[in-house]
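1. Attaching a predicted model along with its sequence, questions to come.
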Amino acid sequence: MSCNPAIGGLAKGQLVREIDAMGGLMGLVADATGIQFKLLNTSKGAAVHGPRCQADKHAYARTVQAFINARPEIDVVEGGVERLLTEETPGGHKIRGVVITTPQGQQIELGAPSVVLTTGTFMSAIMHRGTSTTPGGREGEEAANPISVALADLGLELGRLKTGTPPRLDQRTINWESLPIQDGDNSPTPFSELSREGWSFGDVNCNRFPLIEQLSCRQTHTGPGSHDSIRANLDRAPMFSGQISSAGPRYCPSIEDKVVRFAEREQHGVYLEPESHESDWVYCNGIATSLPKDVQDTIVRSMPGCENAKILMYGYAVEYDMVRPHQIYVTTQARRISGFFLAGQINGTSGYEEAAAQGLVAGINAAMHSQDAGEFSLDRSQGYIGVLMDDLVTKTPREPYRMFTSRAEYRLLLRSDNAPDRLTPLAIELGLLDYHDLGTQRKANFAHRMKAIEHGRSLLESTTDGEKKVSDRILEPDYSVNDLKNAIGQALADATGDVDPGIYQTLHAHRRYEPYVKRQMIEIRRHDEMEHKPIPDWIDYESMDSLRNEARGALGKYRPTTFGQASRLEGVTPADLTLLSVLVKRARVARRDTDPIQSQ
């Protein structure tokens, strides 16, 4: 966990739930190593609830490694990727493997029909702290330089982004008890459907939830004195001195950026979050910075409770290369390199959750590609993962992309509580749950869930609460999930056995949103034909003189594979789409007349 030792949050929590619903590991590992769980946004509707946990960063890393080590099919080979092995094809290149250099200096060729590249913040990376710069993508770790050159040599357009991290404090030097407590939920919500009943995998045994001792966070804040110090040292701040020119995450700005942008604010909130049971390191959530060490000392010691705090690691910024994602498909495969898949921050995203979602899509497609078994993708109406991938290929990020609920136009359908209902059937169809006992447990859990939901919906119509049916009471603003559980809980348990508390959340949200969901489903069906109507990859937009220059430029750059993607490109209007449909039809006819096979 390179930066914030947390998983989930607003919209990010939905991504983790979707990853879990399809058999991914992130939710399981977070549940097994979480030291504080909190469901965010509970004052609003279920569509925007966001599960989040603080994880023990050392336990998290060990648990992921334990999962990997438990699979005899996986070989771990340590080394730095020097170049890609490819062969030229009529449409570009085909991947054949990679060349790595081991820690002992030995070069090894690894052949493969599919390669997934997940570089994080390491490609040609430079760390900035004040006027000091050091090659590297993380404190104490080297940069990966050869791979940037290899990608550029293959014709991929690279960009440059920036991210940052805050200082870490020694908890023993903080006046911890003087600060307001930020506790987790009394009844925590797990990420995985399996965690309430318990599960085990290899050496990992999560027999209860939460598994490990929960910890509290504390809250403090910056003040006018530290703001004055920041302003006085902006000439030493890489983001303001011109030392860093690339864009950072707009929604997770550095403290120096906050002080400049919100000059009227006298203080900014800071959450002090323990990183692990195994260390005294505390993460300062809210003061990411690349200012010099002496200024960081001033900022930290001006915060209440931190007057004598010792900084164990100073904050810094990282600049790194990425591949502009208009060059990939929604499957994560590079457009001009068959079998080559990119996932994570290399595609311009920010955060563990967005990276893991791409990793899931890339892994599925790499496996399918190696078996000539087609390809996999999700629509925007199927999941936040679909929204993420569609946004990346139609809106090249100029700053690290972060998922928000506002990005999902169908968010009433894409709730965290119903992720299994939407995606576990797909996981079963793809065979993602066939390879170990956890998959068998997940399928059994899902079958039980479906039975409980079906019976629960029947009870909503047949059970009264007061003088009304429960299905009508749910539509009342103050009728809560607990009210629903009290009304039908015993009858549902008698009919189906133990009932996961999440079932009541789903029943409640489904009924409350039902009128709006019906409208959204009609809208989805109406747009479905255009959304999936394909655009051939051989279309020559430059020859379409009747299209506006702006539309031709956007279409030529992003090369959408469907009219739905084309409709979301900046610079493409509904009138452009109508004309494009006519031009594509004409191009198909002309191509069919000259080459019937290639016209497909």
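-> The structure has been received and is ready for your questions.

2. Nearest residue to the middle of this protein?
-> Against the mean C-alpha coordinate of the chain, by Cα atoms, centre = their mean, the closest residue is Glu354 at 1.7 Å.

3. and that residue, what does it touch?
-> Lys12, Leu15, Gly344, Leu388, Tyr401, Arg402, Met403 (Cβ atoms under 8 Å, 6 or more residues apart in numbering). (Each C-beta comes from the backbone N, C-alpha and C, glycine too.)

4. Neighbour count says what about these? Which are buried?
-> Among the contacts of Glu354, the ones that count as buried by 16 or more other Cβ atoms under 10 Å are Lys12, Leu15, Gly344, Leu388, Tyr401, Arg402, Met403.

5. which strands and helices sit next to the helix or strand harbouring the second one?
-> In other words, Leu15. Assigned by DSSP states H and E, Leu15 belongs to helix 12-21. Packed against helix 12-21 by the contact rule (3 or more Cβ pairs under 8 Å, 6 or more residues apart in numbering; DSSP states H and E) you find helix 26-33, strand 50-55, helix 352-370, helix 384-394, helix 419-430.

6. The shortest one pairs with which strands?
-> Pointing back at strand 50-55 there. strand 6-8 (antiparallel), strand 34-40 (antiparallel) (DSSP bridges).

7. between those strands, which one is nearest to Gln333?
-> Comparing these against Gln333 with Cβ to Cβ, the closest turns out to be strand 6-8 (27.0 Å).

8. average pLDDT across that closest one?
-> In this model, strand 6-8 has an average pLDDT of 97.

9. For Ala554, find the nearest of the strands paired with strand 50-55.
-> strand 6-8 (34.1 Å).

10. measure the nearest residue to Gly8 once chain neighbours are set aside to Gly351 for me?
-> Leaving out its chain neighbours, the residue that sits closest to Gly8 by Cβ to Cβ, 6 or more residues apart in numbering is Arg52, at 4.0 Å. From Arg52 across to Gly351, the span is 12 Å (Cβ to Cβ, to the nearest Å).

11. Would you map the helices across the stretch 101-250 of the chain?
-> For the stretch 101-250 of the chain, applying DSSP state H, counting those that start in this stretch gives helices covering 146-153, 224-232, 238-241.

12. So which of the ones you listed is the most surrounded?
-> Per-stretch averages of neighbours, counted by mean count of other Cβ atoms under 10 Å, single out helix 238-241 among the helices of the stretch 101-250 of the chain, with a mean of 21.

13. what mean pLDDT does that one have?
-> 85.

14. And the next helix or strand past it?
-> As assigned by DSSP H and E, the chain's next helix or strand after helix 238-241 is helix 255-261.

15. In that next one, which residues are buried?
-> Neighbour-count burial for helix 255-261 [16+ other Cβ under 10 Å]: Ile255, Glu256, Asp257, Lys258, Val259, Val260.

16. Can you convert those into TSV and add a column each for pLDDT and distance to Ile100?
-> Formatted as TSV, the buried residues of helix 255-261 follow (pLDDT from 0 to 100; distance: Cβ to Cβ, whole Å):
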residue	pLDDT	distance to Ile100
Ile255	93	39
Glu256	93	39
Asp257	91	38
Lys258	93	41
Val259	93	44
Val260	92	43
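
17. for those, which one is nearest Thr561?
-> Out of the buried residues of helix 255-261, the member with the shortest distance to Thr561 (by Cβ to Cβ) is Asp257, at 36.8 Å.

18. Tell me the spacing between the closest one and Gly351.
-> On the measure of Cβ to Cβ, Asp257 and Gly351 end up 18 Å apart.

19. Over to Asn482?
-> Counting by Cβ to Cβ - Asn482 and Gly351 are separated by 32 Å.

20. So which of the two has more stuff around it?
-> Gly351 (24 against 12; other Cβ atoms under 10 Å).

21. Contact partners for that one?
-> Gly351 is in contact with Lys12, Pro400, Arg402, Met403, counting by Cβ under 8 Å, 6+ apart.

22. can I get those residues in JSON lines with distance to Val318, secondary structure and pLDDT?
-> Shown next, in JSON lines, are the contacts of Gly351 (distance: Cβ to Cβ, whole Å; DSSP: H, G, I helix; E, B strand; the rest coil; pLDDT from 0 to 100):
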{"residue": "Lys12", "distance to Val318": "20", "secondary structure": "helix", "pLDDT": "97"}
{"residue": "Pro400", "distance to Val318": "11", "secondary structure": "coil", "pLDDT": "91"}
{"residue": "Arg402", "distance to Val318": "16", "secondary structure": "coil", "pLDDT": "93"}
{"residue": "Met403", "distance to Val318": "21", "secondary structure": "coil", "pLDDT": "93"}
